[in-house]
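Participant: Predicted model, plus sequence, below.
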Amino acid sequence: MTFQEEIQCIRSVLNGNLNEFEKLITDNKVGAFSIAESMVKNSSDANDVLQEAYINAFNYLHTFNAESRFSTWFYRIVVNQALKWIRKNKQINKPLKFLNQSSYIIDTNHGLEQLEKHEKKKSIQRILKILKPKEALMLNMFYLQELSIKEIHQCTGFSIPNIKVLLHRGRANFLNFYQQTLRNNERQ
């Protein structure tokens with residue numbers, strides 16, 4: 001959806017066409033879920049966070065000022081809701097454990113190449129789940145959502161220097177965990 005289409009959609013929702021809100025949410029659902037899951041570390045809790053974020057987005061849609069894309073504004077709501085969830089559930093101070101378990105489904109029709117892609121994807125998902133929430137969030141937003149540092153600043157409210165530090169730490173920790181995953185896979 002283009003920026004102009006988003007604005008028209010938002011105007012329509014504000015004028016009473018509530019079905020248009022679903023278009024806005026559907027367009028940003030995958031990215032928002034990915035952000036929430038990278039912070040709260042499991043899909044069930046991420047869904048809970050998203051439900052609250054959808055409600056907040058709907059209730060405060062009238063405050064959207066069209067200075068940025070809807071996704072930037074909505075991701076900010078998702079990040080804030082995830083941070084509330086983390087504080088409420090005291091997840092920030094829990095020790096991180098590296099997951100050594102691996103259960104891969106092998107689709108014999110696609111062969112070794114598909115297995116390797118699947119293993120890499122699972123490894124990346126596992127690593128994002130064990131990184132500190134803010135580091136996982138930065139890596140997710142920068143690499144998976146392809147947001148610029150300025151857009152991440154708008155979504156999170158974190159200072160630009162803090163974003164750069166979190167990205168740097170996240171990359172370093174990701175690399176360490178990824179190398180550990182490779183070593184563990186070689187031993188198996």
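Facilitator: Yes, it's here.
Participant: Run through the residues that contact the spatially closest residue to residue 64 that is not a sequence neighbour.
Facilitator: Leaving aside its sequence neighbours, residue 64 sits nearest to residue 73 (Cβ to Cβ, 6 or more residues apart in numbering; 5.5 Å). All C-beta spots, glycine's among them, are computed from the backbone N, C-alpha and C. Going by Cβ atoms under 8 Å, 6 or more residues apart in numbering, residue 73 touches 57, 64, 154.
Participant: got a pLDDT number for residue 73?
Facilitator: pLDDT for residue 73: 92.
Participant: That one: which element?
Facilitator: If you go by DSSP states H and E, residue 73 is part of helix 70-89.
Participant: Would you mark the buried spots in that helix?
Facilitator: Going by neighbour count (16 or more other Cβ atoms under 10 Å), the buried part of helix 70-89 is 70-83, 85-86.
Participant: same check, this time on stretch 3-18
Facilitator: Within stretch 3-18, the residues that count as buried by 16+ other Cβ under 10 Å are 6, 9-10, 12-13.
Participant: Any chance you could list what contacts it?
Facilitator: 1, 20-21, 23-24, 61-62, 64, 66, 69-70.
Participant: This structure: helices as residue ranges?
Facilitator: With DSSP state H, the ranges of helices along the chain come out as 3-14, 19-40, 43-59, 70-89, 111-130, 133-139, 149-156, 160-187.
Participant: so the first one versus helix 43-59, what angle?
Facilitator: Helix 3-14 runs at 80 degrees relative to helix 43-59, counting by axes from the mean of the first three to the mean of the last three Cα atoms, to 10 degrees.
Participant: any idea how far helix 3-14 is from the chain center?
Facilitator: Centre-to-centre, helix 3-14 and its host chain are 24 Å apart (Cα atoms, centre = their mean, to the nearest Å).
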